[in-house]
Structure formats: C-alpha cells, structure tokens
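Asker: Have a look; sequence and predicted model below, questions after that.
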Amino acid sequence: MTAPPLLISVILIDGSFRERFHAVDAFANQTFPADQYEIIWVEHYDRVDPALAERAARYPNLRIITLGREGTYHSAYCRNAGVRESRGELIVYADGDVVPEPTGLQSLWEEHQKTDDLVVFLYRHDEPQSVHRDDWDLAHLQRHSKMGNTTN
C-alpha cells in the first residue's frame with residue numbers, strides 16, 4: 001500500500017534565536033492526518049538546539065534543515081530553502097513561536113479546496129507581557145491573546 005500524498009508543507013524558520021519549540025508541538029498535534037502533512041524547520045545557521053532535535057525524533061513528519069550560513073540572519077534564505085524542500089500541495093509559512101488551533105491545518109486545507117489559488121494571511125494574536133507564561137497552554141492563549149499588529 002502506498003502512502004497518501006503530502007497535502008500540506010508547514011515551514012517554520014529560525015536563526016538560532018528560538019528558546020522554545022512549542023510551535024512544533026502545536027503543528028505536530030493537529031486534527032489533520034499526520035501522514036498527509038510535513039513540518040519543515042529551516043535553521044539559517046548550522047546549530048540545532050537539542051530540544052528541537054528531540055522533537056524530530058518524536059514527530060516523524062518533522063524535518064530539520066540547516067543552511068550552514070554565516071553572518072547576518074536573513075529569513076528569505078530560510079523561506080526559499082523551505083519552498084525547495086516542500087513536497088506538499090499547499091505551503092504554510094508560520095512564525096516559529098505561534099500556537100495554532102488543533103484544527104488549524106484542517107481549516108486551511110478546506111479553504112484551499114474551495115479556491116486552490118487563494119493566498120491566506122493569518123493574523124497573529126499576541127500574548128500581553130502582563131499575563132505571559134513560559135509554558136504554553138492553548139486555553140490560556142485563547143483567554144488572553146489580543147490582536148496587536150494587523151500588519152504582522
């Protein structure tokens with residue numbers, strides 16, 4: 001039996017500045033079938049945080065790509081590498097610190113099925129510093145997050 005086609009590629013980018021990898025956990029625990037999407041973490045430099053490497057061992061649909069670049073971080077190199085490596089029909093870019101709803105990829109796929117040439121921009125709700133917690137919890141974020149910047 002052949003594996004189902006990859007429908008979605010999620011690209012997360014970093015320049016060795018992430019301290020937490022909750023976005024990987026949130027994307028790896030979607031209602032969308034895990035064998036039909038991939039998560040590609042693109043690291044601008046060559047360092048892979050041990051906490052991220054541990055997740056790669058835990059989530060079979062996560063791949064880590066290191067670009068081995070030096071000097072100033074430029075996200076465009078990461079985005080381009082992510083697109084080159086993508087195998088999904090739909091590409092999703094997300095900040096490496098977002099927490100999507102568990103149905104996030106399912107919702108995006110359903111929108112893509114309605115209009116396959118549609119580009120969707122998802123607004124980010126920020127957690128105010130006054131209620132910030134280091135451990136992420138979706139219920140906490142749903143209660144406290146606010147739309148801070150509609151251009152980001």
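Answerer: Sure thing, it's come through.

Asker: Every contact and neighbour count from this point should use C-alpha atoms.
Answerer: Noted.

Asker: And the helices in this protein, which stretches?
Answerer: In the chain, the segments counted as helices under DSSP state H are 22-28, 50-58, 75-85, 104-114, 138-144.

Asker: Throw the ones you listed into a markdown table and include distance to residue 64, thanks.
Answerer: Compiled in a markdown table, these are given as follows (distance: least, Cα to Cα, whole Å):
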| stretch | distance to residue 64 |
| --- | --- |
| helix 22-28 | 11 |
| helix 50-58 | 7 |
| helix 75-85 | 10 |
| helix 104-114 | 20 |
| helix 138-144 | 25 |
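
Asker: and those helices, which one's lowest on average pLDDT?
Answerer: Comparing mean pLDDT across the helices of the chain, the lowest value falls on helix 138-144: a mean of 62.

Asker: tally of neighbours for the nearest residue to residue 4 once chain neighbours are set aside?
Answerer: Of all residues not flanking residue 4 in the chain, residue 36 sits nearest, at 6.3 Å (Cα to Cα, 6 or more residues apart in numbering). Neighbourhood size, residue 36 [other Cα atoms under 10 Å]: 15.

Asker: residues contacting residue 36?
Answerer: Each residue near residue 36 by Cα atoms under 8 Å, 6 or more residues apart in numbering is listed here: 4-8.

Asker: most neighbours, which of those?
Answerer: Highest neighbour count within the contacts of residue 36, by other Cα under 10 Å: residue 8, with 24 neighbours.
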